[in-house]
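Asks: Structure for this input, please:
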Amino acid sequence: MALAELNKFGDRPKNYTIEITLMGLPQVQRWQNPLPLQYGLYDSPFGDCLIATTEKGICNLYFPDSSDPAIATDFLSSEWGNKVELRHTPDLIKELGDRLFAPDATHANIVDLHLKGTDFQLKVWRALLEIPYGQTTTYQQIAEQIGQPKAVRAVGTAIGRNPVSYVVPCHRVIRTSGAMGGYRWGIERKIAILDWEKKHLNLALCRS
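Replies: I've put the predicted structure just below:
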């Protein structure tokens with residue numbers, strides 16, 4: 001699509017390399033043919049998650065709290081409408097999920113993301129990818145980072161609409177007071193992911 005950028009995170013235990021392809025909403029609206037979308041459910045350390053990917057990269061990762069395939073397709077239909085052709089590919093999603101959620105993988109993992117949103121949302125989501133593994137930042141700091149310090153509420157809304165949870169780490173954003181703040185998939189899950197990351201970061205530091 002319009003823009004691709006390679007981001008490297010050498011301090012992550014999983015040594016991720018993330019390549020991002022961005023989709024502006026006007027581009028999606030101009031599509032003439034449905035985009036093939038492969039999807040499936042994965043049993044993650046934080047409950048069942050729905051993963052969907054285009055040929056360019058992961059476009060959705062949700063925690064619907066259900067293993068019902070109908071709920072999975074409902075999520076994707078509400079996100080994409082008739083702009084995609086859904087293809088259930090459980091084996092592919094199992095392989096992808098194993099890579100995403102393997103805390104002690106020592107090999108380099110290439111994670112391609114295909115993100116769809118407004119210019120503002122895409123700017124916020126890119127800022128989320130810069131939060132170091134095992135650490136947190138605040139909504140105010142994200143607003144300042146993107147050059148719009150008064151847009152804290154809009155930043156919070158954009159974070160809440162992050163389509164690729166966990167990989168685009170919206171769970172690492174908390175309130176200035178230190179309170180957890182909101183999380184689309186539940187505060188208990190947000191705390192569990194943060195604790196899990198801190199645990200594996202500490203293990204990685206002990207091994208280094």
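Asks: Look up the residues forming beta bridges with the most centrally placed residue in the chain.
Replies: Residue closest to the average C-alpha location in the chain (Cα atoms, centre = their mean): Val164, at 2.7 Å. As for beta bridges, Val164 partners with Leu61 under DSSP bridges.
Asks: Please look at it and Phe63 and confirm they touch.
Replies: No. With contact defined as Cβ atoms under 8 Å, Val164 does not count as touching Phe63 (11.7 Å). Every C-beta, even on glycine, is put in place using the N, C-alpha and C of the backbone.
Asks: Specify the helix with the largest residue count in the chain.
Replies: helix 187-207 (DSSP state H).
Asks: Give me the contact list for that one.
Replies: If you take Cβ atoms under 8 Å, 6 or more residues apart in numbering as the criterion, helix 187-207 is touched by 13, 45-47, 63, 103-104, 133-134, 136, 166, 171-172, 180, 183.
Asks: pLDDT of it, averaged?
Replies: Confidence over helix 187-207, taken as the mean pLDDT, stands at 87.
Asks: now the strands for this structure?
Replies: 3-8, 16-24, 35-44, 47-53, 58-62, 84-88, 109-117, 137-138, 173-174 (DSSP state E).
Asks: in its sheet, what does the third one sit against?
Replies: Based on DSSP bridges, the pairing partners of strand 35-44 within the sheet are strand 47-53 (antiparallel), strand 84-88 (parallel).
Asks: any idea of the mean pLDDT for it?
Replies: The model assigns strand 35-44 a mean pLDDT of 93.
Asks: Please apply the same query to the last one.
Replies: Along strand 173-174, the predicted local confidence has a mean pLDDT of 96.
Asks: Just the residues contacting it, thanks.
Replies: So strand 173-174 is contacted by Leu128, Ile131, Thr136, Thr137, Thr138, Tyr139, Ile142, Ile159, Met180, Gly181 (Cβ under 8 Å, 6+ apart).
Asks: Which of the strands paired with strand 35-44 comes out lowest on mean pLDDT?
Replies: Looking at the strands paired with strand 35-44, the bottom one is strand 84-88 with a mean of 91.
Asks: by how many degrees do that strand and strand 58-62 diverge?
Replies: 70 degrees (axes from the mean of the first three to the mean of the last three Cα atoms, to 10 degrees).
Asks: Flag every buried residue along strand 84-88.
Replies: Neighbour-count burial for strand 84-88 flags Val84, Leu86 (criterion: 16 or more other Cβ atoms under 10 Å).
Asks: Give me the contacts around it.
Replies: Pro34, Leu35, Pro36, Leu37, Gln38, Tyr39, Gly40, Pro69, Thr73, Leu76, Ser77.
Asks: quick one: which of those residues has the most company?
Replies: Tyr39 (23 neighbours; other Cβ atoms under 10 Å).
Asks: any idea how far the residue nearest to that one when sequence neighbours are not counted is from Arg87?
Replies: Leaving out its chain neighbours, the residue that sits closest to Tyr39 by Cβ to Cβ, 6 or more residues apart in numbering is Ala52, at 4.0 Å. From Ala52 over to Arg87 the distance is 10 Å, taken as Cβ to Cβ, to the nearest Å.
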